[in-house]
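In: Predicted model, plus sequence, below.
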Amino acid sequence: MELLKMEHIQKAFFGVTVLDDVSFCVKTGEVHALLGENGAGKSTLMNILAGVYTKDGGSVVFDGRELTNGSISDAEHAGIAFVHQELNIFNDLKVYENLFLGKEKTNALGRLKKKEMIEEAGTLLEEMGVELNPMEQAGSLDTGKKQLLEIAKALHSNAKLIILDEPTTALNNEEIAHLFDIIRRLKEKGTSFVFISHKMPEIFQIADRYTVLRNSRFIHCGEIAGVTAEEVTRYMVGDSFVSSDLYEARELGDVIFQVQNISGDAFEDVDFEMRKGEIIGFTGLAGAGASEVMQAIFGVLPIKTGSIRIFGQELHGGSIHQAMKGKIAMVASNRKENSVLPDMTILENMYISQHTIEGKNPHIQKKKEIEKFEKYRQLLNIKANTHKDFITSLSGGNQQKIILARWLNTEAEILLFDNPTQGIDVGAKAEIYRLILKLAHEGKTIIVNTLEIPEIQKIADRCIVFYHGKIAARLTRQEINEETVMLYATNAVYQKQGRTEEAHG
């Protein structure tokens, strides 16, 4: 039975068509993946459904009733909840207050039924399997728990259809498993989901059906069980996508970077060295310590013992500023929280790090900075209207390129990429991979931390696998594959060895 039917939807902004004759339907009690590159029209289509935008043409029928161009509140009353990629949490309110915002329970005198709301919030969070205190200040939550709170808000509204826009971007593996369990339980009760994600393994794990948009138009729909990831990717990006390995062997230079037995709160005795132009992949389960090692190298986290040497010189200071002066740059995980300055223009986001290093010269030569922006726009294939626009006007992939331009502008030699393709589409991912390989070819020394093994296979010369804060394995390029990495990442290889030794003992 169809819960949602959108037919022949048209939408344009300032004369530019962003949805052209798009149709989309969702059945009762299913997870429907809405797929496409950034700019394909997915968010616009869902914003029309949720009452954020009005459509220019077409029809929307939900739960047997046609929805005219209404409002967000009309969509919510109909049973539609939208969990946006941009979190909508009020940090100054407690967890339960966020859940009941606009839906507060009051007595006959208009006073808040605080105890009742706290108890109801606690019950909901417990049913979700989320360890959140209803009385905790929302501002004290990490990004992953804020995402789960957003989802709890949608569940609390008793929605018949929940739109999840990149819901797992800030979640670790355990939180993703919790979320998928919640989705499956609600699906069994008849709740439907629109799942927007760029992560193919997740799509094939949780979705029942899929619809692909490309260049503002409907391309294809079908059952997930009847399609492969390669076929879906081809629908998303067209024939221009090349699925072959991107990796290119290069001649490496001398050893220029040495991490010597460093230890910190989340890692211990980490030791490795790198040659000029080399790419190393870091990986391991979420929380294994790889990201923390990168943050320690960049001065975000303290190093208790050990040392770091660049071009033979020991790096002193243990601060971000010292790391930047030492020619180290870091493209941080979760760019929205850690990199993007939303109130600044594209140009300002690009030059801010360089001027932080050059603190002695506070004067900004605008003409010179614009010239550098144009150079990086061409080098990185940045798609932007003008440097004067806010960075939030760009797609996720182009925001990431601006952050990369920011660090290239500092003339850094050691580039640290922490989950660099998080929240960007397949086509933009391929561009990021090519950029990383190009930078290595030009002599940059690069570490890429990612949980996605195929990413490492596409770009890395070798791989370091972390387990519980320690290096579990150092793999050559030929040894990098999903099975081998997971054996070390989960410590299964040692358990397997132990059983073998016991059997022969």
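Out: Perfect, thanks for sending it. These numbers were taken from a predicted model, which means no experiment stands behind them.
In: quick one: least confident helix or strand in this protein?
Out: helix 492-504 (a mean of 49; mean pLDDT, DSSP states H and E).
In: Local confidence estimate at Gln354?
Out: Per-residue pLDDT puts Gln354 at 71.
In: That one in helix, strand or coil?
Out: Taking DSSP: H, G, I helix; E, B strand; the rest coil as the rule, one finds Gln354 in the helix state.
In: Report the contact partners of it.
Out: 406, 409-410 (CB atoms under 8 Å, 6 or more residues apart in numbering). No exception for glycine: its C-beta is placed from N, CA and C like everyone else's.
In: Which members of those residues are classed as buried?
Out: Burial by neighbour count, 16 or more other CB atoms under 10 Å: within the contacts of Gln354 this picks out 406, 409-410.
In: Now do the strands in the stretch 301-450 of the chain.
Out: 305-310, 313-314, 328-331, 414-418, 445-449 (DSSP state E, counting those that start in this stretch).
In: May I see those arranged in JSON lines, with mean neighbour count, mean pLDDT and distance to Gly264 as well?
Out: Putting these into JSON lines (neighbours: other CB atoms under 10 Å; pLDDT from 0 to 100; distance: least, CB to CB, whole Å) gives the following:
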{"stretch": "strand 305-310", "mean neighbour count": "16", "mean pLDDT": "94", "distance to Gly264": "9"}
{"stretch": "strand 313-314", "mean neighbour count": "10", "mean pLDDT": "92", "distance to Gly264": "17"}
{"stretch": "strand 328-331", "mean neighbour count": "24", "mean pLDDT": "88", "distance to Gly264": "16"}
{"stretch": "strand 414-418", "mean neighbour count": "25", "mean pLDDT": "92", "distance to Gly264": "15"}
{"stretch": "strand 445-449", "mean neighbour count": "25", "mean pLDDT": "95", "distance to Gly264": "15"}
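In: Show me the one of those strands that comes nearest His468.
Out: Across the strands of the stretch 301-450 of the chain, His468 has its closest neighbour in strand 445-449 (16.1 Å, CB to CB).
In: report the angle between the axes of that closest one and strand 414-418?
Out: If you take axes from the mean of the first three to the mean of the last three CA atoms, to 10 degrees, strand 445-449 sits at 10 degrees to strand 414-418.
In: Does anything pack onto strand 445-449? Which helices or strands?
Out: With contacts taken as 3 or more CB pairs under 8 Å, 6 or more residues apart in numbering; DSSP states H and E, strand 445-449 sits against strand 270-275, strand 279-283, helix 290-297, strand 414-418, helix 426-441, helix 453-459.
In: which parts of the fifth one are buried?
Out: By that I understand helix 426-441. 426-433, 435-437, 439-440.
In: Nearest to Leu285, out of the strands of the stretch 301-450 of the chain?
Out: strand 445-449 (12.2 Å).
In: what lines up beside that closest one in the sheet?
Out: Sheet pairing of strand 445-449 (DSSP bridges) gives strand 279-283 (parallel), strand 414-418 (parallel).
In: Run the chain-centre distance for the first one.
Out: Right, strand 279-283. Taking CA atoms, centre = their mean, to the nearest Å, one finds strand 279-283 lying 18 Å from the centre of the chain it belongs to.
In: Off-centre distance for stretch 293-309?
Out: That offset, for stretch 293-309, works out to 24 Å (CA atoms, centre = their mean).
In: Stretch 99-119 now?
Out: 35 Å.
In: end-to-end on that stretch?
Out: 12 Å (CA to CA, to the nearest Å).
In: Read off the pLDDT value for the closest residue to Lys458 other than its chain neighbours.
Out: Among residues not flanking Lys458 along the chain, Leu246 sits closest, at 4.7 Å (CB to CB, 6 or more residues apart in numbering). pLDDT for Leu246: 80.
In: Tell me the secondary structure at Leu246.
Out: Reduced to three states by three-state DSSP, Leu246 is coil.
In: and it, how many residues sit next to it?
Out: 14 (other CB atoms under 10 Å).
In: mind checking how far it is from Pro454?
Out: Distance of Leu246 to Pro454, given as CB to CB, to the nearest Å: 11 Å.
In: Please identify which of the helices and strands packed on strand 445-449 is closest to Tyr96.
Out: helix 290-297 (31.1 Å).
In: sorry, back to before: in helices, which of the contacts of Gln354 fall?
Out: Taking DSSP state H as the definition of helices, the contacts of Gln354 contribute Arg406.
In: Could you export the buried ones among the contacts of Gln354 as JSON lines, including pLDDT?
Out: JSON lines is the format used below for the buried ones among the contacts of Gln354 (pLDDT from 0 to 100):
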{"residue": "Arg406", "pLDDT": "84"}
{"residue": "Asn409", "pLDDT": "81"}
{"residue": "Thr410", "pLDDT": "79"}
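In: quick one: which of those residues is nearest Glu251?
Out: Thr410 (25.7 Å).
In: ok now do the closest one, which residues does it touch?
Out: Listed by CB under 8 Å, 6+ apart, the contact partners of Thr410 are 324, 327, 329, 353-354, 357.
In: Backbone torsions only: list them for it.
Out: phi -90, psi 0 (degrees, to the nearest 10).
In: measure it to Gln365 for me?
Out: On the measure of CB to CB, Thr410 and Gln365 end up 16 Å apart.
In: Please apply the same query to Leu315.
Out: 30 Å.
In: what do you get for Leu475?
Out: 46 Å.
In: More neighbours: the two, which one.
Out: The neighbour comparison of Leu475 against Gln365 (other CB under 10 Å) goes to Leu475, with 19 against 11.
In: Check whether Val212 really touches Leu35, as I assumed.
Out: Yes: using CB atoms under 8 Å, Val212 makes contact with Leu35 at a distance of 4.8 Å.
In: Compare those two (neighbour count), which wins?
Out: Leu35 (28 against 25).
In: need the contact list for that one.
Out: 42, 196-197, 203, 210-213, 232, 235-236.
In: and with 10 Å instead?
Out: 42, 195-198, 200, 203, 207, 210-214, 219-221, 232-233, 235-236, 425-426 (CB atoms under 10 Å, 6 or more residues apart in numbering).
In: Flag the shaky bits of the stretch 51-200 of the chain, pLDDT-wise.
Out: The model of the stretch 51-200 of the chain has pLDDT under 70 over residues 69, 86, 170.
In: Helices along that one, start to end?
Out: 72-78, 95-100, 114-128, 143-156, 173-188, 200-206 (DSSP state H, counting those that start in this stretch).
In: Please convert the ones you listed to CSV, extending it with mean neighbour count.
Out: Compiled in CSV, the helices of the stretch 51-200 of the chain are given as follows (neighbours: other CB atoms under 10 Å):
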stretch, mean neighbour count
helix 72-78, 16
helix 95-100, 23
helix 114-128, 16
helix 143-156, 20
helix 173-188, 16
helix 200-206, 17
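In: I'd like those written out as JSON lines, with distance to Val60 added.
Out: Output for the helices of the stretch 51-200 of the chain, formatted as JSON lines (distance: least, CB to CB, whole Å):
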{"stretch": "helix 72-78", "distance to Val60": "10"}
{"stretch": "helix 95-100", "distance to Val60": "28"}
{"stretch": "helix 114-128", "distance to Val60": "29"}
{"stretch": "helix 143-156", "distance to Val60": "19"}
{"stretch": "helix 173-188", "distance to Val60": "22"}
{"stretch": "helix 200-206", "distance to Val60": "24"}
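In: So which of the strands of the stretch 301-450 of the chain is nearest His387?
Out: Taking the strands of the stretch 301-450 of the chain one by one with CB to CB, strand 328-331 is closest: 20.0 Å.
In: Direction included, what does that closest one pair against?
Out: strand 414-418 (parallel).
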